[in-house]
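Visitor: got a predicted structure here, sequence first:
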Amino acid sequence: MGKTSFREKSPRDGGVRVGFPVVGGVCLALALSILLALPLASPSAISAEVSIPEPIFAEDQLGYRFGVASSHIKLYPDTVVEQELNFLRDARIGWLRCDFAWSDLEPRPGAWNFSGIDKVVGEAQARGVRILGILGASPSWANGGKGWNYPPTDMEAWRNYVRTVVSRYRGRVSAWEIWNEENTEAFWQPEPDLDAYLVILAAASEEIRESDPLASVVMGGVAGLDPDFLSRFLERGGAEYVDAVAYHPYPETIGEEGQPEEDTWRPKERLCRLIVDYLRNLISLYTPKELEIWLTEVGWTTCPPSPPGVDPSTQASYLLRTMINYAGTGVDRVFWYNLRDTHLNELDMYGLLGSDFNPKASYRFFSVFQEVFGRTTVDKSAPVSLYCSRPASLEAHFFRSPEGDLVLSAWKSDDVEDLLDIRVNDPSLRNPVTVDPSSGITGPTPGVTRDAGGNLLISGLTLGKTPLILHMKKVKVASVRPSQAYQHTLFLNIEDVAGTGFEEGAAVRLEAGGRVVEAFNVVRPSDEHISCTLSLLGIEPGDYDIVVTNPDGSRARLTAGFQVLPLCGTGGGAGALAFGAGAGLVAAALPLRRRSYRRGARH
């Protein structure tokens, strides 16, 4: 069969998991009818430089790292393409992984068909979604009449394919992945051959560097981890041709000796972190080049056979745990497989959406992850202590927002419920709210108290399979206006205490060496601004901290943020002078108020 697409067999269950499109029987006829109905395009029709718009997240933000695969998208009708990309945009998913299968784009020598993929690239660009394109799937005319999963034998044709496609989408496709799971017979026939793969990789890399120097080159993601294949790849100079190595850590493809059988389908967070560390060390043995690490497929299916299938709630929980865990490892990209269920076989229900576009819980969890964690950075020194009855299975991860908020997520890696107590040694954090991962809605967290120092104590939280997410806003004082005044000033209006996290009912005071000046007439127009009045009568000169304390006990301090200036002269006479001047100002203001009132009465 001379069909265009890749497919992959899961090593453990013998089933089929889709990488490139899997088409057979009726599906083959449907795909061919779509393909033959499409108009042929000139290879250079869109060769002009086009800049990709601003992505959904900036490159230095955590949310930028996460994407979703939709391998078949170029074969779908225009309305379906638009619908899929709308779901990506609405969930703030900024990367799409899809195939640019050679056998689809050039089914006959020189007969190019770009209409489907042109639509995908254009619609993705319009939504700020970046693309990881997969290059591969040989047409039979370029590999000796064999199937799509045989490598090309006509290397000049392979080079021309890569050159033509990359040039056409220069500046519009951000990265190119060369083949897919080339370490498996399902994708590389007659059997995996690293030397043969390196030949096509080297040629593709050269053409990409020449045609679009800004595009990243990614090795074809290997199934599982396959340390032997990756070691030989690096030993034989593979790093020279790529910017990133890639692998597909589906849960059934990785494991530890002696692990419980029930762990086979769990996320295995600790092992996943060890694998990332191992791969970094492996890279460093063979090259000084700082290769990125991309996970170009990972996921769980919700198919009825269990295993490998899990229920939709478990899929959502495992997705969120996987994303939070990998966020802490610093891997450069993670792609969930797949956007939608495709039902190409009974196992292919990995989607965030059903085939009818009905969102599963996992889609909502992905969206909430991007909303809550997307702008954060990992905080590995958070002042947090956690206590539970079985700490060996406790997973806890900490993140900071640009505003200084602390986001904490915790769960049990064995899925078994436990009770959790938390201590947060930072009085500048407000009482936590609990984020519902299915909706993003926040609510009060039970069991919250504070110690005498204002530190948070949270007790009796139930923990299990689904991540607990707590968000603690940072209270911060950034500035005060005015920032100085003379001692003995009777009434001083502080026009603005600026910062973040101020609650209604917040108190303001000055502190220095045991001396305290409480503010009054405190007004909080927003959580970033407070105005108030101070009386500096009898106050010693010097630098004072400005302290804002919220009703929940959280507080922030601007050290030496206000200066009390000495008056000329000292002693009671100076005090009397300041008081007299202040009283005179108050008295002078009274007639003005009376005159203003009389003017108003005449109207």
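Guide: Happy to help now that I have it.

Visitor: only C-alpha atoms from now on, for both contacts and neighbour counts.
Guide: Will do.

Visitor: distance of the closest residue to Val407 other than its chain neighbours relative to Gly237?
Guide: Leaving aside its chain neighbours, Val407 sits nearest to His471 (4.6 Å; criterion: C-alpha to C-alpha, 6 or more residues apart in numbering). For His471, the distance to Gly237 (C-alpha to C-alpha, to the nearest Å) stands at 46 Å.

Visitor: same question, Arg266
Guide: If you go by C-alpha to C-alpha, the gap between Arg266 and Gly237 works out to 35 Å.

Visitor: comparing the two, which residue is more hemmed in?
Guide: Using other C-alpha atoms under 10 Å as the criterion, Arg266 and Gly237 rank with Arg266 on top: 22 against 14.

Visitor: packing partners for the helix or strand containing Ala498?
Guide: For Ala498, the host element (DSSP states H and E) is strand 492-500. Using 3 or more C-alpha pairs under 8 Å, 6 or more residues apart in numbering; DSSP states H and E, the elements in contact with strand 492-500 are strand 476-481, strand 529-534.

Visitor: would you map the strands across the stretch 1-150 of the chain?
Guide: With strands called from DSSP state E, counting those that start in this stretch, the stretch 1-150 of the chain shows them at 8-9, 16-17, 66-69, 95-99, 130-135.

Visitor: and these: which comes nearest Leu394?
Guide: With C-alpha to C-alpha as the criterion, Leu394 lies closest to strand 66-69 of the strands of the stretch 1-150 of the chain, at 24.3 Å.

Visitor: packing partners for the closest one?
Guide: Other helices and strands packing on strand 66-69, by 3+ C-alpha pairs under 8 Å, 6+ apart, are strand 95-99, strand 333-336.

Visitor: that one pairs with which strands, and in what direction?
Guide: Strand pairing for strand 66-69, using DSSP bridges, gives strand 95-99 (parallel), strand 333-336 (parallel).

Visitor: the residue nearest to Glu403 when sequence neighbours are not counted bridge partners, please.
Guide: Spatially, and ignoring its direct neighbours in sequence, Glu403 is nearest to Lys474 (6.9 Å; C-alpha to C-alpha, 6+ apart). Judged by DSSP bridges, the bridge partners of Lys474 are Leu429.

Visitor: what's the neighbour count on Lys474?
Guide: 25.

Visitor: cool, Tyr286 as well?
Guide: 17.

Visitor: would you agree it is in contact with Leu234?
Guide: Yes - between Tyr286 and Leu234 there is a contact under C-alpha atoms under 8 Å: 6.1 Å.

Visitor: ok, longest strand in the protein?
Guide: When the chain is parsed with DSSP state E, its longest strand is strand 555-565.

Visitor: so that one versus strand 476-481, what angle?
Guide: Interaxial angle, strand 555-565 versus strand 476-481 (axes from the mean of the first three to the mean of the last three C-alpha atoms, to 10 degrees): 20 degrees.

Visitor: mean confidence for strand 555-565?
Guide: For strand 555-565, mean pLDDT is 97.

Visitor: same for that strand, what does it pack against?
Guide: Using 3+ C-alpha pairs under 8 Å, 6+ apart, strand 555-565 sits against strand 476-481, strand 484-486, strand 542-549.

Visitor: need the helices for this protein, in chain order.
Guide: Using DSSP state H, the helices of the chain run over 26-37, 78-90, 102-105, 115-126, 155-168, 194-211, 227-235, 269-286, 312-329, 361-373, 571-602.

Visitor: what packs against the shortest one?
Guide: It stands for helix 102-105. Helices and strands touching helix 102-105, by 3+ C-alpha pairs under 8 Å, 6+ apart: there are none.

Visitor: kindly export that helix (C-alpha atoms) in CSV.
Guide: The C-alpha coordinates for helix 102-105 follow below in CSV (Å, rounded to 0.1, in the frame of the first residue of the first chain):
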residue,chain,number,x,y,z
TRP,A,102,6.4,14.1,1.7
SER,A,103,4.0,11.5,0.1
ASP,A,104,1.1,13.9,0.7
LEU,A,105,2.8,17.0,-0.6
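
Visitor: run the chain-centre distance for it.
Guide: Chain-centre distance of helix 102-105: 32 Å, with C-alpha atoms, centre = their mean, to the nearest Å.
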